[in-house]
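Colleague: what's the 3D shape of this:
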Amino acid sequence: MDSSAVSVERIIKAPPEKVFALLADAAQHAAFDGSGSVNHASRQSVPLSMGSTFAMAMKGRKETLFIPYRTTNTVIEYEPDRRIAWQTFGLGGLVGGRIWRYELLPAEGGTLVRETWDPSRDKQKRMITSGSMPELTANGMRATLARIADLLES
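Modeller: Next comes the predicted model:
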């Protein structure tokens, strides 16, 4: 992971296995996405595993000139109840390559959840790491962790 990566973390009052089960269910990603980008997954509620692929229908936003798009994601890191990460590409692999990673650590009162946006292997790294994208991404990740907490702590 290089210095362009952005991470946020939060303690969620739920055991790691409960947090992991939510993260490893691609069909639930729209329910906890805090960025407002994820429309829905094209995968039923089947737990992800190492090498799993899943597609996401994404909502058009200002950053994409309000044009909806699709992503193809491949799970590249997988340690049950500890870590899951997927690499995201769009336009048939022509764009993207960033990695979304979740690391879970048991903590007093629940689980420390760290979400990381790692653009080190992104084909447009220079473009997406300049300007306001890292800050917007961090804000979206904080909102994502809040939504995960809302879902699991209620």
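Colleague: what comes up buried for the lengthiest helix in the chain?
Modeller: In the chain, assigned by DSSP state H, the helix with the most residues is helix 133-153. By neighbour count on 16 or more other CB atoms under 10 Å, the buried set for helix 133-153 is 133, 134, 137, 140, 141, 143, 144, 145, 148, 149, 151, 152. To be clear about C-beta, it is placed using only N, CA and C from the backbone, and glycine gets the same treatment.
Colleague: just send those residues back as CSV, with pLDDT too.
Modeller: Compiled in CSV, the buried residues of helix 133-153 are given as follows (pLDDT from 0 to 100):
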residue, pLDDT
133, 89
134, 94
137, 92
140, 93
141, 96
143, 95
144, 95
145, 97
148, 97
149, 98
151, 96
152, 97
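Colleague: packing partners of the longest helix of the chain?
Modeller: Packing contacts for helix 133-153, counted by 3 or more CB pairs under 8 Å, 6 or more residues apart in numbering; DSSP states H and E, involve strand 6-12, helix 16-23, helix 29-32, strand 110-118.
Colleague: how does it look with 10 Å?
Modeller: In this structure, helix 133-153 packs against strand 6-12, helix 16-23, helix 29-32, strand 95-107, strand 110-118, helix 125-128, with contacts taken as 3 or more CB pairs under 10 Å, 6 or more residues apart in numbering; DSSP states H and E.
Colleague: winner for burial among the ones you listed?
Modeller: Highest mean neighbour count among the helices and strands packed on helix 133-153 (mean count of other CB atoms under 10 Å): strand 110-118, with a mean of 20.
Colleague: who does it pair up with?
Modeller: With DSSP bridges as the test, strand 110-118 is paired with strand 6-12 (antiparallel), strand 95-107 (antiparallel).
Colleague: so that strand versus helix 16-23, what angle?
Modeller: Strand 110-118 runs at 40 degrees relative to helix 16-23, counting by axes from the mean of the first three to the mean of the last three CA atoms, to 10 degrees.
Colleague: so which of the helices and strands packed on helix 133-153 is nearest residue 47?
Modeller: When those are compared by CB to CB, helix 16-23 sits nearest residue 47, at 7.4 Å.
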